[in-house]
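Chemist: Please work out how this folds:
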Amino acid sequence: MARRAAPPHFIVALVALAALVAGCAAKINPVEVEAARTAARVKTALVNDPLVGTRPIAVVVDEEGVAQLSGRVGSADEATRAVELARAVPGVTRVVTRLQVGAEPPAPVDAAAGAGADVEPLPPLRGPALEFEELEDERTLLAVGMALMFSNDEGDTDTRTKLWPIARLGSGAGLGPALGFDWYDVTPPAPQEGAGDVGRLRIRPIMAGLRYTVPMGRVSIAPSLVGGMAFNSLEVADTGAAEQIAVDVANSFVWRAAVSVWVETGRRSAVHASIGRVMTNPRFTVVEEGRLRHRSASADATVLLVGVAYKLF
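Modeler: Next up, the predicted model:
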């Protein structure tokens, strides 16, 4: 018996269905899906913010993670806040904004609808609304500068002052790396009262750890905790009773808790201030009653830095 051929319209439907399925599969791009998810996260961050949550800001994120913001905000601070929120969203690599700053222009009055009514025209806007230029992501990878360092330890009533270099790695919000090179001098402990000049102890810590940055417009506050090794040396005084003096010191573990404030004064410049407590307990070799003895003593100090920095890149 001869097999009955499929109707032509059935074959055409199968071909069309196969083409449709293949086309849908080809259009599903994981990169585009992730870009859409990133845009949704940016939009959510904007909507939930008390400053810009009510502003009509449109968000588009491309496949490279570039977030484009458009719409109108009420002030330059709101525009800056919107950019900061977008930068902080995971997946955003750069922010481009065309946000306009200013009130919406008044709606035109329909002459026909207003015929016979006493309508007072609204005053025109004074000055055009501001429009942001295309804004690159201004996250700083490295900033360096100079500061005045003020240090004071428990055994010394005088505050020591010197010029000291400063550096910052990264400038994004949240957790980030932190370094510490708060080198300072302290007075070593005297074995006995009235020992006179007992020399100078040099604390040279090299520390690394974490900081948490909280941006607030041009100001960012960052508490940090770092630890490492202090490479110590002792300068023995030329005068004093030799049997009552420290003659050597070992290296020691050191850690520092600090809070720093950065104020962005320009595209490349910033003002920096920080205060921290450096804590270490080196082991001394001292002469007591004609014999060498070993004992630990506190060499903690409070360190204050105030200076300026330049963003290299």
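Chemist: residue ranges with poor pLDDT in the protein?
Modeler: In the prediction, the chain carries residues with pLDDT under 70 at positions 1-28, 103-140, 154-157, 189-198, 237-244.
Chemist: List the beta-bridge partners for the spatially closest residue to residue 58 that is not a sequence neighbour.
Modeler: Once flanking residues are discounted, residue 58 sits nearest to residue 70: 4.8 Å by CB to CB, 6 or more residues apart in numbering. Where C-beta positions appear, they are placed from N, C-alpha and C, glycine not excepted. Residues in a beta bridge with residue 70, per DSSP bridges, are residue 58, residue 98.
Chemist: switch to numbering from 671
Modeler: Sure, I'll start counting at 671 from here, so that last one is residue 740.
Chemist: Report the contact partners of residue 740.
Modeler: Residues in contact with residue 740 (CB atoms under 8 Å, 6 or more residues apart in numbering) are 727, 728, 730, 767, 768, 769.
Chemist: biggest separation within those residues, which pair?
Modeler: 730 and 769 (13.1 Å; CB to CB).
Chemist: of the two, who's got more company?
Modeler: residue 769 (24 against 14; other CB atoms under 10 Å).
Chemist: What distance do you get for the closest residue to the more buried one other than its chain neighbours to residue 756?
Modeler: Nearest residue to residue 769 in three dimensions, chain neighbours excluded: residue 749, at 4.7 Å (CB to CB, 6+ apart). Relative to residue 756, residue 749 is positioned 11 Å away (CB to CB, to the nearest Å).
Chemist: For the stretch 871-983 of the chain, which segments count as strands?
Modeler: Secondary structure of the stretch 871-983 of the chain (DSSP state E, counting those that start in this stretch): strands located at 889-905, 916-919, 922-934, 939-950, 953-958, 961-966, 971-981.
Chemist: quick one: strands adjacent to the first one?
Modeler: Read it as strand 889-905. For strand 889-905, using DSSP bridges, the partner strands are strand 870-886 (antiparallel), strand 922-934 (antiparallel).
Chemist: where exactly do the strands run in the stretch 671-820 of the chain?
Modeler: Under DSSP E, counting those that start in this stretch, the stretch 671-820 of the chain gives strands at 727-731, 736-743, 764-771, 800-801, 812-823.
Chemist: Just want the angle from the third one to strand 736-743.
Modeler: Okay, so that is strand 764-771. Orientation of strand 764-771 against strand 736-743 (axes from the mean of the first three to the mean of the last three CA atoms, to 10 degrees) gives an angle of 10 degrees.
Chemist: For strand 764-771, which residues meet the burial criterion?
Modeler: Using 16 or more other CB atoms under 10 Å as the test for burial, strand 764-771 gives 764, 765, 766, 767, 769, 770, 771.
Chemist: I'd guessed the second one sits against residue 749; true?
Modeler: No: Residue 765 is beyond contact range of residue 749, at 10.9 Å (criterion: CB atoms under 8 Å).
Chemist: who's residue 926 bridged to?
Modeler: Bridge pairing for residue 926 - DSSP bridges - gives residue 896, residue 948.
Chemist: Quickly note the distance from residue 750 to residue 888.
Modeler: Counting by CB to CB, the gap from residue 750 to residue 888 is 8 Å.
Chemist: Between those two, tell me which one has more neighbours.
Modeler: residue 750 (20 against 13).
Chemist: Let me see the contact set for the nearest residue to that one once chain neighbours are set aside.
Modeler: Distances taken as CB to CB, 6+ apart put residue 887 closest to residue 750, at 5.9 Å, once the chain neighbours are dropped. By CB under 8 Å, 6+ apart, the contact set of residue 887 is 747, 750, 751, 754.
Chemist: Separate out the buried members of these.
Modeler: Buried, going by 16+ other CB under 10 Å: 750, 751, 754, out of the contacts of residue 887.
Chemist: Wait, the second one touches residue 720, no?
Modeler: No: applying CB under 8 Å as the test, residue 751 and residue 720 come out as separate, 9.7 Å apart.
Chemist: Can you tell me which of the contacts of residue 740 is closest to residue 702?
Modeler: Nearest member of those to residue 702, counting by CB to CB, is residue 730, at 11.9 Å.
Chemist: do you know how far the residue nearest to that closest one when sequence neighbours are not counted is from residue 732?
Modeler: Distances taken as CB to CB, 6+ apart place residue 738 nearest to residue 730, at 4.6 Å, with adjacent residues excluded. Remark: distance between residue 738 and residue 732 (CB to CB) = 8 Å.
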